[in-house]
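# pasted the sequence and its predicted model underneath.
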Amino acid sequence: MAFASSAIPETVKVLPAPIEGYDIVPLKWTGKLDNRGEDVTLEGTVEEITSKVKKTNPDFGLEIRPEKRAEFGKVNCGWGGSGKASGLAIGDGIKYLNGFGDGYCGLDDGPYKCARISCSYNSAIWLCNDNDTPLRVRCGDLEPFIRKIVDDCYTWGFGEPMVQGQIFTNENWNVILGKDKC
């Protein structure tokens with residue numbers, strides 16, 4: 001397959017940072033497109049990567065991994081993005097992440113860099129790196145952190161659950177949920 005050198009999206013977008021003092025960089029996903037293939041690296045949100053890959057492999061993203069145990073750091077509710085995000089759209093982002101199997105989500109740069117992992121219905125998930133070195137985390141391992149923010153920071157608004165918050169880890173990276181234009 002000819003995906004190894006592909007980058008998603010094909011145009012560069014300047015996105016606002018989810019919190020002041022951080023820069024936005026592309027999310028890099030590294031994993032197999034099918035059971036027989038070699039690892040490839042693609043850039044974009046999980047929705048963008050899934051859409052492109054499904055054109056040649058319709059079964060991509062159907063694998064659901066069991067939830068991993070994770071140690072949680074401090075949670076800051078009401079922090080990140082430009083406001084509250086739809087809890088339903090964040091749930092859709094989790095489904096996409098789980099479909100990435102054993103692939104890795106990461107950022108080449110740090111510190112103070114964030115990659116928008118997922119964005120739909122103006123609701124975003126960011127992975128942020130506060131390390132001086134590149135960050136690689138199994139995409140499916142991010143789910144417990146996202147769910148912890150949802151559980152701790154859930155509110156009701158606009159006829160649906162809403163969420164906005166940030167959770168830190170002991171490995172010097174964090175996850176942010178909040179409103180963003182997409």
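That came in fine, so what should we check first?
# where in the protein is pLDDT low?
Within the chain, the stretches with pLDDT under 70 are 1-17, 60-70, 101.
# apart from its neighbours in sequence, what residue is nearest the residue positioned nearest the centre of it?
In the chain, the centroid-proximal residue (CA atoms, centre = their mean) is Ile117; its distance is 2.5 Å. Leaving aside its chain neighbours, Ile117 sits nearest to Ile125 (4.5 Å; criterion: CB to CB, 6 or more residues apart in numbering). Just so you know, the C-beta spots here come from the backbone N, C-alpha and C atoms, and that holds for glycine as well.
# and that neighbour, what does it touch?
Ile90, Gly93, Leu97, Arg116, Ile117, Ser118, Cys119, Leu142, Ile146, Val175, Ile176, Leu177 (CB atoms under 8 Å, 6 or more residues apart in numbering).
# filter those residues down to just the ones in helices.
The helices, defined by DSSP state H, take in Ile90, Gly93, Leu97, Ile146 from these.
# who's in contact with the last one?
Okay, so that is Ile146. So Ile146 contacts Ile90, Gly93, Ile94, Leu97, Ile125, Val175, Leu177 (CB under 8 Å, 6+ apart).
# from Leu27, how far out is the last one?
Between Leu177 and Leu27 the distance, using CB to CB, to the nearest Å, works out to 15 Å.
# the two: which has the busier surroundings?
Leu177 (32 against 25; other CB atoms under 10 Å).
# and the more buried one, what is it in contact with?
80-81, 85, 90, 123-126, 146, 149-150, 153, 163-166.
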